[in-house]
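> Test case, fold it:
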Amino acid sequence: MKVLLVQPPIEDFYDTSIRTYPLSLLYLGTKIKDICDVSIVDFRSNKKRMLNTDLFPELRKFYRSDTHTPFSLFRSYYRFGMNNNEIRQTVEAHRPDVVGISSLFTTYAEEALGVARIAKEIDNEIITVMGGTHPTLFPEYCLDSPYVDYVIRGEGETPLFELISALKDGGRSNTSAIPGISFKNNTNMHILPIYVEDDIDLIPDRGLINASDYRIEKKMYTFFLTSRGCPFNCAFCGKPPMPYRKRTLAAVEKEIGRCVELGIGAVDFEDDMLNLDLTFFNNLLESFKGTGIVLSAMNGLYAGNLGSKTLESMYDAGFRRLNLSLVDVSEDIHRQQKRTFPAHLIDLLAYLESSPFLVETHFIIGLPGQKPDDIIDTMVFLMGKRLLPGPSIYYLAPNSPLFNATIGSNWQEYIKVMRSSTLFPSNPLFQRETTFTFMKLTRFINFVKNILDQNPAIERLSEIVDIQGAAKRPHDVHILTTLIFDKRFIWYDSTKQDYTDEPQDRDLVAYFFKRIHGKPIRGFKTSHTLAVDV
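You can find the predicted model right below:
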């Protein structure tokens, strides 16, 4: 039996190339490779992006390809990955009996279903299986498609293994009692509970893909899991309920050795709570020391368990950049989100500013319950630290308490706005112009931080205009001068060959500059600081 496991393309205003490693498919492929002929194809990564249709006319005024600004956000709506003809040709070339499709995010569900449709159009006898977060949460939605035969809910290694074994032995009649497998029989749907793996020590066979296709700064990289699940229940998080479990250190060490053998130069941990168990985490760090692998954790670093000694061990093991989650500086906001206030992180920042780490600290814009003043308080706090503020636009995450309270059963009509790039106003105080303005203000802060790192002698905000002039960037000079002195965002419109106002909340821009007057802005890579004087 031939099984093809695929990562679908996505359509959005942006994609993050270093977030596309198909680790989940590697786990699945490794589990079934001894009972079938399995191939993994990534329809999304390392493909030229293609301009797509204007799906969101309401965003046309925010994202434009004919403008220039040093604080740019997004420009156009793209398809990242293969087009339908390329997908069709690839599936036909593999001649699979089963196509397994990863569907991680609800907002990209249509792209995943599109792969299933193509497979069925090639040969209706091809069995299609969908797995991932979206089918786990909404199995009926997936099975309602005429192109989907089976859905795996939860962790899929064992369910897929049992499904392939049953299909080989006796066809579809043997699949009705497989844990984690949901399917339809005529008009009836058989939805089974979410499956949780008992053994998570399986080591993914990275030889199932071309390792050189996935690189960070020319280094081959991989995703890595040392645990699964999260013990916390933040109101804005929509991950399926999974118990927190750790792998054995022996299995982790064996996997590290295989990564070294492959020439992997960078590892990004995908754990929800990487350092929740400090003893385990410190042993993990010891196992990576001396490998030469650069380590990162774009999600999952729990600041409450970080101290100077652990951070020193992290640096010795290969961490150079830290991604930390602040959400907001307001204790009330954390209380509303059923999230512990990260007081320890705030205290830790003083140490981190004098450390060799580069630190990116993420905050959320537009949470239900937030007010614009809350965001400004957070931005003022972060701009005065030696770190990079990382803004995240809040969007309704399927299955989260906030999602269920706000949308509930009407979620399908919102499927395409469940992403940060649509600026969807989940909070009425954050209409699109307001959220867009906050993103632009954060870009301005980070622009100033970058200038400070390169020009330690500057002391006044207005000197940045002179630096851009010396660099012969006349458009930037005019845009910066207007922002700093007139308190409004403009961009250069190449169609009109003139400067025009960006969509924005002018009152918010003026209030922001009033709030930051006299406050420090500190560099990201250096401690060079200026006080805002206008």
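> Determine the number of other residues adjacent to the nearest residue to residue 128 once chain neighbours are set aside.
Sequence neighbours aside, residue 116 is the residue nearest to residue 128 in space, at 4.5 Å (criterion: CB to CB, 6 or more residues apart in numbering). Any C-beta I mention is one placed from the backbone N, CA and C, and that applies to glycine too. Neighbourhood size, residue 116 [other CB atoms under 10 Å]: 24.
> Please report how far residue 116 lies from residue 146.
Distance, residue 116 to residue 146, by CB to CB, to the nearest Å: 9 Å.
> Please point out which parts of the lowest-mean-pLDDT helix or strand in the chain sit buried.
When the helices and strands of the chain are scored by mean pLDDT, DSSP states H and E, helix 401-406 comes last with a mean of 83. For helix 401-406, burial by neighbour count (16 or more other CB atoms under 10 Å) applies to 401, 402, 403.
> Repeat that for stretch 89-99.
For stretch 89-99, burial by neighbour count (16+ other CB under 10 Å) applies to 90, 91, 96, 97, 98, 99.
> so where is the chain shaky, pLDDT-wise?
For the chain, the stretches flagged by pLDDT under 70 are 534.
> Packing partners of the host helix or strand of the residue nearest to residue 128?
Element membership for residue 116, per DSSP states H and E: helix 109-122. Other helices and strands packing on helix 109-122, by 3 or more CB pairs under 8 Å, 6 or more residues apart in numbering; DSSP states H and E, are helix 84-94, strand 98-102, strand 127-131, helix 139-143.
> would you turn those into CSV with distance to residue 47?
Converted to CSV, those look like this (distance: least, CB to CB, whole Å):
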stretch, distance to residue 47
helix 84-94, 8
strand 98-102, 16
strand 127-131, 21
helix 139-143, 25
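> Out of the ones you listed, the one nearest residue 28 is which?
strand 98-102 (6.6 Å; CB to CB).
> Residues in contact with that closest one: which ones?
Strand 98-102 is contacted from outside by 1-8, 22, 24-25, 28, 36, 91, 112, 115-116, 119, 126-132, 160, 164, 167, using CB atoms under 8 Å, 6 or more residues apart in numbering.
> ok, now which ones touch the residue nearest to residue 128?
Applying CB under 8 Å, 6+ apart, the residues contacting residue 116 are 99, 101, 128, 130, 145, 147, 148.
> ok so the last one is a helix residue?
Spelled out, it's residue 148. No. Residue 148 sits outside any helix when classified using DSSP: H, G, I helix; E, B strand; the rest coil, being coil.
> tally of neighbours for it?
27.
> Report the separation between it and residue 430.
According to CB to CB, residue 148 stands 36 Å off from residue 430.
> Likewise for the second one?
Note on residue 101: its distance to residue 430, by CB to CB, is 34 Å.
> ditto for the third one
Separation of residue 128 from residue 430 (CB to CB) stands at 39 Å.
> Between these two, tell me which one has more neighbours.
residue 430 (26 against 23).
> Tell me which residues touch the nearest residue to residue 206 once chain neighbours are set aside, please.
Distances taken as CB to CB, 6+ apart put residue 262 closest to residue 206, at 5.9 Å, once the chain neighbours are dropped. Counting by CB under 8 Å, 6+ apart, residue 262 makes contact with 206, 207, 211, 220.
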